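Provided below are the primary sequence and the corresponding predicted coordinates.
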Amino acid sequence: ALSYQNVYDPATTFMRGKNVDGSWQEPFDSYAWGGPFIEGSAWQFNFTVPHDPTGLTSLMGGPAKVLGKLDRFLYQPPTFHPGTYGGVIHEMAEMAAVDFGQYDQGNQPVHSFLYFYAAAGSPWKTQYWTRRVLDILYTPDSLPGDEDNGEMGAWYVLNALGLGPLCPGVPEYVLVSPLFPTAHLHVAKGKTLRIETTGVSKENAYIQSVSLKGQAHSPLCIGHQSLVEGDHLHLILGPQPPERRLEPSDLPFSLSAPTAAVAYDGSPIGPIIRINCGGEEIGRFVGDAFVHGGSISHREARVDTSAPHAAPAAIYQTERHGEFSYTLPLPALPAGRTYTLRLHFAEALDEYAGKRRQNVSLNGQKVLQGFDVFTEAGGVNKAIVREFTGLHPSPHGSLVIAFAPAPDSPDRSAQISAIEVEAGG
């Protein structure tokens, strides 16, 4: 059960295939489907250790590394390379059809991944993302993938009740945000389990407190036996995650038992989104994602990146331009905590110098008006960064960044080279 440790490569931070002599299979492409992976790539198999989340967390370098990897998993374009499949199979197309990064709800390998946020000490992210999957990927007209043996529907039913199955064979469920104010389950020996949820709404995705049989319940999971005994499970939801400290006994089951408490204050660890607008993945910046509209241009220019918070020079070689918007999924933060947004610009095309003025809005509120990159940066080929602090996502958990040419702009095109979002205190 612990043999997964033999196929984890710390150099790439992925599970990988090995040759018979124990060497890594080369070349390695984290987006290539097939080879050592069935119906997926290294991304879709990196957390397939539901029986030992604590051991995997230790192997990957601690909770911060796990949370960062999960964020990267979700906050990137749905890139795939057919690899040894030799062509596109329906699982690839289903993943690429939605804005969930490398998360492919349409296929079984990732169905436990979102619960790893809870196992790493951030249950609020589990609650946000499971609710998002329920709301967006399941509709009256469609399922996110093919219904293999009922698993796609079973995942929905359990999570809609507030029960997340992390590890097959372990009789417990990670508690997530129910969709119903009241549910009655007829369980063993004629008993009835009543799941009551106070505060159910589109905006309230975060568990504030839990009680079982009238007693406060601190663990992030609930045992199957407690449920089949019937009685009353009560959850209270709210629009923001609470601050709390998680003890080892609060975390999900793991073969490698957790030994240290997790100081959970609800804030992400480090930047969670870095997007190379119009370009592909470069270092910590993922390829263009979560965007609607606009066009892409590429230029070869030597850009001055001495401005505070400027991105690497390679980031400014591409831009998205025209009229377009980015819709970034963002969970709420605890009271008093906010997000910081940085927008990266550079005017690297001489023919547009001083001719492009644009407006930028955040969730419908205009924050830049008649913004001229050339004038503000002091010339062409100079990076400039505009920072916005104290931001909150919309009540439905997103940040919409809209770019449009100003009405008086000679050139009818807005532009952006990169976007960064991180959590602040």
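Done, it's in. Since the structure is predicted, the reported quantities are computational estimates derived from the model, not experimental observations. Numbering: from 1, shown residues only.

secondary structure element for residue 242?
If you go by DSSP states H and E, residue 242 is not part of any helix or strand.

for residue 409, that is, sorry about that
Per DSSP H and E: residue 409 is located in neither a helix nor a strand.

quick check: closest non-adjacent residue to it.
In space, residue 409 comes closest to residue 357 once its chain neighbours are excluded; the distance is 4.1 Å by Cβ to Cβ, 6 or more residues apart in numbering. All C-beta atoms are positioned from the backbone trio N, CA, C, and that covers glycine.

bridge partners for the one you found, pull those for me.
Judged by DSSP bridges, the bridge partners of residue 357 are residue 372.

any low-confidence regions in the protein?
259-271, 349-352, 425 (pLDDT under 70).

what's the single longest strand in it?
Using DSSP state E to define each element, the chain has its longest strand at strand 318-329.

which helices and strands does that strand pack with?
strand 273-276, strand 291-298, strand 398-405, strand 414-416, strand 418-423 (3 or more Cβ pairs under 8 Å, 6 or more residues apart in numbering; DSSP states H and E).

near residue 197, how many other residues are there?
For residue 197, the count of nearby residues is 21 (other Cβ atoms under 10 Å).

doesn't it fall inside a helix?
No - using DSSP: H, G, I helix; E, B strand; the rest coil, the assignment for residue 197 is strand, not a helix.

list the contacts for it?
Counting by Cβ atoms under 8 Å, 6 or more residues apart in numbering, residue 197 touches 162, 177-178, 180-182, 234-237.

roughly how far does residue 56 sit from residue 8?
8 Å (Cβ to Cβ, to the nearest Å).

can I get the longest strand of the chain in PDB, CA atoms only?
What follows is strand 318-329, C-alpha atoms only, in PDB (Å, rounded to 0.1, in the frame of the first residue of the first chain):
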ATOM      1  CA  THR A 318       2.700  37.600 -25.700                       C
ATOM      2  CA  GLU A 319      -0.500  39.400 -25.100                       C
ATOM      3  CA  ARG A 320      -4.200  38.900 -25.300                       C
ATOM      4  CA  HIS A 321      -5.800  41.900 -27.000                       C
ATOM      5  CA  GLY A 322      -9.200  43.100 -28.300                       C
ATOM      6  CA  GLU A 323     -12.200  43.000 -26.000                       C
ATOM      7  CA  PHE A 324     -12.200  40.100 -23.600                       C
ATOM      8  CA  SER A 325     -12.700  39.000 -20.000                       C
ATOM      9  CA  TYR A 326     -11.200  36.500 -17.500                       C
ATOM     10  CA  THR A 327     -13.500  34.700 -15.100                       C
ATOM     11  CA  LEU A 328     -11.400  33.400 -12.300                       C
ATOM     12  CA  PRO A 329     -12.900  30.900  -9.800                       C
END
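
contact partners of it?
For strand 318-329, contacts defined as Cβ under 8 Å, 6+ apart pick out 74-75, 99, 132, 273, 275-279, 288, 290-299, 346, 348, 397-405, 413-417, 419, 421.

hmm, back to that, the residue nearest to residue 409: what's it in contact with?
Applying Cβ under 8 Å, 6+ apart, we find residue 357 in contact with 370-372, 405-406, 408-410.

likewise for residue 309?
By Cβ under 8 Å, 6+ apart, residue 309 lies in contact with 342, 385, 387, 420.

so the second one sits in a helix?
What that stands for is residue 385. No - with three-state DSSP as the criterion, residue 385 is assigned strand and is not in a helix.

does it have beta-bridge partners, and which?
Where residue 385 sits in a bridge, its partners, by DSSP bridges, are residue 344.

quick one, helices of the stretch 101-250 of the chain?
Along the stretch 101-250 of the chain, the stretches classed as helices by DSSP state H, counting those that start in this stretch are 116-119, 123-136, 151-160, 224-228.

how near is residue 286 to residue 279?
10 Å.

I should have written residue 27 there, sorry.
For residue 27, the distance to residue 279 (Cβ to Cβ) stands at 22 Å.

so the two - more neighbours on which side?
residue 279 (22 against 6).

that older thread, of the contacts of residue 197, which is the nearest to residue 310?
Using Cβ to Cβ, residue 177 is the member of the contacts of residue 197 that sits closest to residue 310, with 38.9 Å.

so who does the closest one touch?
Contact partners of residue 177, counting by Cβ under 8 Å, 6+ apart, are 127, 130-131, 162, 197, 204-207, 235, 237.

now do residue 120
Contacts of residue 120 (Cβ under 8 Å, 6+ apart): 53, 57, 63, 66-67, 70, 262.

most surrounded residue in those residues?
Those, ranked by neighbours (other Cβ under 10 Å): first place residue 53, 26 neighbours.

quick one: it and residue 254 touch, right?
Yes - here residue 53 lies in contact with residue 254, judged by Cβ atoms under 8 Å, at a distance of 5.1 Å.

hey, what's in contact with both of those two?
Common neighbours of residue 53 and residue 254 (Cβ under 8 Å, 6+ apart) are residue 119.
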